[in-house]
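Enquirer: heads up, no residue letters with this:
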C-alpha cells in the first residue's frame, strides 16, 4: 500500500480494525446459530455480543507468543467476555474465520470498484455526448487514417468500462462465499446450518464444497479480472498521453495553478497523471500471476496463499480504486482542443479521403488493383509533400482518373465519415 | 504448437485452410448483404459463392510481394472468381476480416474447451460417486488433519471445474462479436446492416463500437480465463502427484503394459502425466500477461497484438484442450487404493481424532485453553512415537482427562467425520 | 511493505528520511563539484553542508501545492540554508536526483541481500557437513529412486545460492550508476565533471549515456535477478515441506514452545514457515513483469516507471530480505531425523538397488532389454507388496537371473551410492 | 514456433535431427570415456561411432510403445550398431542425455543471439555516427524538452544492447554445464571422469552438483535475460513507432516497392515492423514466468519442467533471434528526415531554451523561484500560441526580465546543447 496511491474508503476495508471486527461478527453470528440449534447456551451468545471487544495491540502481543492470529484474537476477546467465551469457535477452524473475512473484504472492495467504474462511466458518457460530433483524425498504427469524432473515442472507452463493470459484478459473485465447515471442510464438528446463518448475515452464499479453505480459483478469477480492468485503464491513459504529445496536442490533462511541470524546464506541461496510470496498471497486472499460482494448494489446504493475499488483497484493490478515480478525474477535467483536432485533420492534404476515392473508382468500373495503384500514386506525392499538395487537386489533374471533378469533390466530404455516429451511440448508450 | 501436446480438432481450428475458409465466408456473406442492399450486383455475390476458391501456397506467394495477407487472399480469390471479385471487400478493412475470423476461431475453441470440461466433469462425478464413502486422511499443510473421503476430493474438483465451465461460457460470450465497420470503425464505407448480416450468419453479435479492431480487453478476459482453468488443472494434478508419492501411494496414474518409468531404474512408476500437466499449466498461465499487454493499443489500433495472437491463439487453446483431455484420462483410469488410504489414516495412532476430544472436554466444562493443553500433551507423545502409541489409550490413562472411557471411545468414531458427505454431495451434484 | 514480512535494516533503506538524505547528499556533492569548477561560489557549497536540513512533513506540505517532489524538497532545504540555496540543482533535473538516489538505495539493498545470502550459505554449509553421510532416499517424481545423503541436498542448495550470490553481485553492478546529466541527458547545463564527482562520492560509476533518466533495462535486470533467487528459495522451501509431510517426516521446522499448530487440532505441527516462503517467492516473482514493462519508456523518458518503482523497489527487496533470513532460520534450526530417513530408505524392499542389478546383469552378458525385463518383473512384485517382499530374495529365487547370490548381495550395498559424495563436496565447497 | 517469425539457423538448433544428433554424441563420447577407463570394450565405442545412426520416424514409432524417448532412441541406435550397443548409456539416466543436450542447444542459441546483437550493434553504431550531430528535439513525457541529436538516440540504444550482449554472455555461461551423474546425481554407476570427458568434448563444464537434472535456476536466469533483451527491443521499437507518427514523421521504416500499407487506405505507410517487434517482445517476456516456475522441482527432480522447455526453448530463442534480426534491418534501412527534425525543433517558438534562460537569470542574481515564475509566465504564452509567438521576443519585451537582448540571444543557441555529444560518444564507443 503506497499512501499516495490510496484512498481512504478502500484503505479502511483492509485495516486490522476492520478485519478483527469482521472476525468478531463471524464468530458471534456463528455462536447465535449454535445457540439457536441448542449446541451452546443462549446466554453465551448474548454475552459475546454484549461484552465482546478486542484491541489490535493486545492481539499482536498475544500472537507474538502463540504465533497464531486467530487464537490470539479469541484469547483477547475472551479477556473481555469472560467464561462464556469458551463456546466461541467450537468446531470451527481459523480458515473458517479468515476465508469468510476475506470474502467480506473482497466483496466490499468490489462494491467500491463498481462504484468507481460507475463514476467513470458517467464522466465518459458526458464527454462523449459533449464531443459527439467533434471531428478528429482516426489513427491506425499512429498514422492518420480517416476521420472519427472525439465523442466516439469516449464512447469506445465507455463501452469498454461497461464491460469492465459487468466483469467486476461477476468477479464479486465469484468471491462472495462463506465457509464455516470446520477442519478439512467436513462439518464434522460444526453444523452446516451455522454456515448458512453466517452467510445470510454477511450477504454471502455458502461455499458448496470447501476443504477447510475456500478454493482459490475464485480469488484467481477475481484478481485476473482486476488485471483486465487495469489494462483498460492503461489503454485510455495511453490514448491521452498520445493526444497530449507536443506535435498532436488535441487534448491535455488539466494543469492546476501552482503546478510545476519540470524543475528545470518551466515550459513543460506533462501528462503525468496518465503516465502514472500506465505504471499503476503494470502493478495491478503484476498481481495476477501470484493469484494464479495460489490456486494449486496442497491437498485440503496449505497456507502459501496467505502471504500472497496479505499483499495483493490490499495492493490490487487499493491501487485499482485509486487508478479508476484518478482516471475519472482526468477525463472529467480533460482539456479538449477541437480547433487543433481540425487542424491536424486537415494537415495531410486530404489523404484521409483516399479510400473513398478508391471506392468511387471501383464503382465506376475500374478494377480494384488499378484503382488502388491510381490513388496510391497520387497519395504518395501528397505524403511526400507533408500535406503541402492537395490530393483532390492532384486527382483532378491525373488524366487516368476518370471521375469528374464533382464526383471527386463529393469524395472529400467530412460528413460522410460521421453519418453513423448516431448508430454507434445508440448501440453504446441505448440512445443516440 | 507442440505436436505431442496437440489434438486434431483444436489444431484444425487454427490451420491456414480454416482461417482462409472463414475469411472467405466473411467476405461472401458481406457481399450477400451488400447485394441485398443494392450496393453491388447480386450476380457478383453469386459468382463468389460459386467460383470462390483459394490455395494456401498461392496466397503465401502473393503475400511475399504485397506483405499484406488479406490483399494476397483477395488477389488469389479474384484469380478464381474473375471480374466480379472487384466487389469483394468494398468499404471493409483487413481487420474486419481478421478480427471477425479470430472471433469465430476463439468461439470454436471455446466450444471444444467447454466440451472438454464436460467430459472431465462426467468422469469426476463418476469417480466421486464411486468413492463417495471411501475414507482417506484429509491433510492440511501436508500434515494429517482429519478424515475425509476420496469422493469428496473428486467432488471438490467437480465443483471447481463446474465453475471453470461457467467461466468459459462467459469468456466465449466475451469474444463472440463481429466487426464489419470499415476503417477506424465508422461505417463510412460499409453499411452497418452488412455487419449485422455477417454476425448472424457466423453466430456472433455485432461489436457495439469497434475502432477498426475489436477491442482487446475482450481477448484479455478470454485468455485470463484460460489461465485460471489451467491453474485448476494444476491443482488436481498436484493432488495426484502427492497421492502417488512412494510413502503415500493412495492413488496412482494408470501404468500401461510396455511403459517404462525410467531408463535406469526398472522399479519406477512415476506420475509423469500429472507432472506434465503441471508444466502445461505454467504455459497457459504464461500467455495471460501478453494478452493483458495487448489491450492498450495506440489510438484506433496498432498491430502489435497480431503477433502475440498468432502465438497464443493456437498455443493457449491447443495446450489447454490437450491438458483437459489428459486430465480426464488420468482421472478416468486413476488407480485408487482404499486399503492404503485406510492404512495411512490409521498410522498416526488416532491423532486425527484430537479435535473431537478437545470439543468433548470443553463441553464437559473444561476451559478451551486447558482442554487444548491436555490434548496437545498426549498428542505430542503419539506424534513422537510416530503412531506407535495410541492417543485413545493415553487419554484413558491421563488422570486429568475427566471423560469416561466410553465417552472417549465415542470420540474416535470415523463415521462421525463422514456424516455430512451427503450434504456436500447434494450441494455439488444437486443430489446426494 | 507488509510489516510482518519486513526487517528493519531493509525498511530503513526505503524510508522518506533516507531518501531525502540521499537527495541532500547528491545535491550537496554536486554543488561541491560546481564550486570546484568555479561555477558557483564556494561559500554556497559550504553553507549547504553546514545549514542544510529538511523535514519530511514540510516537504509533503509543499508538494501538496507544487505537485513536484524535488521542487518541494529544494524549497524546504532553502528555508534552512537561505539565499545560497539558489545555487543548488543548477542545470540538473529531478531525475538526476531521483535516479541517482534509486541507484544508491538499490545498491544498499543489494548489499543487504548479499549479506543475507552469505548467512544462508554459512548455515547450508554447516548442515551439509553435519549430514554429509546421512543416508536418505533420493526421489525423482516423488517416487523413491536411489540413495543420496541429506548433506548432498544441502550442498545442492549451497551451490544454487552461491550462484544466486554471484547473480546479485552482477545485478548490483547493473544498477550502480549515477546520472547528473541534466534535461534529456545532454550535459547542456551541467558539466560532466559534476557527475563524475557525485558518482565517486556515492560509490557509483557515471551512466555512459542517460536520457534524463538512467535506462530501465538495468532495473529490469535487477528485479529479474531477485525473481530467480526467490524461485530458488521456493525450491528449498518446497523440499522441506515435502520432508515434513506426515508420511515422510524426515525433517521438520523447529516448533517453538507455546506455538500452536492449529486452533482446532492440537496435534498439528505444520511447515508454516516454508509454506510462507513459497507464497513470498510468488510475490517477488510477480514484480519481475512490471519491471520488464518499465523498460520501454517513451523517447528520452516518461514517468510511468516511477509508480511501479515506488511499489517494487521496497516490496521486492524487503520481501526477499525477509525470505532469505527466514529461510536461513529454518535451515539453521531444522530438525533432521536420520532414523526416519533410514526407515524410509528401507521400506521399499530393496527396490532402490534395482539399477545396480540391471547393470550387473548386462555386464554379465545379458542384453539390456532382457536385463531390464528381468529386473522389472521382480521389482513390480516388491512394488505391489508395498515393500513387504524383498527384491534381493526374489532375484535369488528367479531361475533366469544368472548372477550368484554373492554377486546379487554386492548389488545391495548402500555405500556403493555414497562413494562420490566427497567428489561432489569438493566441487561445491572446494574441499571434501 | 511461428514460421513467419523464425529464421533457419535458430530453427535448426531445435529440430529433432539436431537433438538426436546431440544425444548420439553425448552417448558416444561417454562410451569413449568408459572405454578409456576400462569399463567397456574399446570395440564397443568404435562400433558406435562407426555404425551409429538413427531415424527420427523410427524413434517416434518406438516411443509410441515405450512412452520414453531416450529408451526409444537407444533402441533405434541399437538396431544399427548391433550387440555392442548394450554398453551404451551404462549407469546413465535419460536426464544426463536430455539436460546436457539442452545445454548444448541453449549454448548454440546463445551464440546465435550474441551474433544477432553484434550485427545490431554494428548498425546502431553506423547510424549513430552518421547522425551524430543531426539535431532533433528531446522529449520527456512526449512533450518537447530540449535538443538532442539523432545520433545520441542511436548511441543510447547501442549502449543498451551492449549491456544486453554482456548479459547474454553471462546467460550463456549459466547454462553451459554438463551432467553425466546418473540417477539422483550420485555417480553411483557412472564415473565422474565420464562427465568430464563429455563436457570437454561439447564445450561445457561439469555441473558441480546435479540431482539427476541440472538445476533449473540456471535456465530461469537464461530466459529472464532474454526477457530483458526483448524489453530493450520494445523500447527501440516504440521509439521508432513514435518518430513515424504522422504529426512527428522524423523517421520511417523503409517501405518497399509493391508493399501495401492498407487494403482500404492507399495512402498509408505504417510502422508495422516495429509494431510487430512490440508484440514479439511481449511473447519473449511471457516466457520468463514459466521459466521461473520451473525452478522449484520436487526433491531430486520431477519432470514438470520438460513440457515448459519444449515450448519456451525454441519459442523464446527463435522469436528473439527473429526480433533482433528484424530490428537490425529496421535500423539499417531506417529513413531519417533531418529537415523534419529541425522543423519540429523550431515549432515551439523557442520554448526548448527555457531552462537556459532560467539559469541565466539565476546567475544574474534572481532567486530561483522568481526566475522560474518569470520564464514560466512567458513560456505559457508561447505554449498557448502553439509556437506562433517567440519566447525570445516575449522575454526581450518583458520589463521584469533583466537580461540584455544579447544575453537572451546567447541563451537560444542550439550548439550549446550539443557541446557534450563528443563526451557521450567517447563513453559509449570508446572514441568520439
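Expert: Done, it's in. Computed from a prediction, not measured in an experiment: that's the story for all the values here.
Enquirer: quick one: name the residues of the stretch 1-150 of chain A near chain B.
Expert: Within the stretch 1-150 of chain A, the positions near chain B by Cβ under 8 Å from any Cβ of the partner chain are A:74-75, A:78, A:83, A:85-87, A:89-91, A:138-142, A:145-148. Glycine gets a C-beta too; all of them are placed from N, C-alpha and C.
Enquirer: quick one: buried ones out of those?
Expert: Listed as buried from the residues of the stretch 1-150 of chain A next to chain B are A:74-75, A:78, A:85-87, A:89-91, A:138-142, A:145-148; burial here means 16 or more other Cβ atoms under 10 Å in any protein chain shown.
Enquirer: out of the residues you listed, name the ones that lie in strands.
Expert: A:138, A:139, A:140, A:145, A:146, A:147, A:148 (DSSP state E).
Enquirer: which one of those is nearest chain C?
Expert: residue A:139 (16.0 Å; Cβ to the nearest Cβ).
Enquirer: residues contacting that closest one?
Expert: A:145, B:184, B:298, B:299, B:300, D:245, D:246 (Cβ atoms under 8 Å, 6 or more residues apart in numbering or on different chains).
Enquirer: repeat for residue A:62
Expert: Counted by Cβ under 8 Å, 6+ apart, residue A:62 has contacts A:71, A:72, A:75, A:76.
Enquirer: helix/strand/coil for the second one?
Expert: State at residue A:72, reduced to three classes by DSSP: H, G, I helix; E, B strand; the rest coil: helix.
Enquirer: flag every buried residue along the helix or strand hosting residue A:96.
Expert: Assessed by DSSP states H and E, residue A:96 sits inside helix A:94-130. Buried residues in helix A:94-130, defined by neighbour count with 16+ other Cβ under 10 Å: A:94-110, A:112-114, A:116-117, A:119-121, A:123-125, A:127-128.
Enquirer: and it, average pLDDT?
Expert: On average, the pLDDT along helix A:94-130 is 98.
Enquirer: report how many residues lie close to residue A:248.
Expert: Using other Cβ atoms under 10 Å in any protein chain shown, residue A:248 has 23 other residues around it.
Enquirer: contacting residues for it?
Expert: Counted by Cβ under 8 Å, 6+ apart, residue A:248 has contacts A:242, A:340, A:344, D:245, D:247.
Enquirer: swap in residue A:61?
Expert: Contacts of residue A:61 (Cβ under 8 Å, 6+ apart): none.
Enquirer: quick check: the gap between it and residue A:80.
Expert: Distance from residue A:61 to residue A:80, counting by Cβ to Cβ, to the nearest Å: 15 Å.
Enquirer: again, but for residue A:254
Expert: 51 Å.
Enquirer: between these two, point out the one with more neighbours.
Expert: More crowded of residue A:254 and residue A:80, by other Cβ under 10 Å: residue A:80, with 16 against 13.
Enquirer: distance of that one from residue A:24?
Expert: For residue A:80 relative to residue A:24 (Cβ to Cβ), the value is 10 Å.
Enquirer: show me where chain A has strands.
Expert: A:135-140, A:143-149, A:177-178, A:205-206, A:251-252, A:335-336.
Enquirer: dump those strands into TSV; add mean pLDDT as well.
Expert: Below are the strands of chain A laid out as TSV (pLDDT from 0 to 100):
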stretch	mean pLDDT
strand A:135-140	96
strand A:143-149	94
strand A:177-178	98
strand A:205-206	98
strand A:251-252	96
strand A:335-336	96
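Enquirer: of all these, which one comes closest to residue C:411?
Expert: strand A:177-178 (56.5 Å; Cβ to Cβ).
Enquirer: tell me the strands beside the closest one, with direction?
Expert: strand A:205-206 (parallel) (DSSP bridges).
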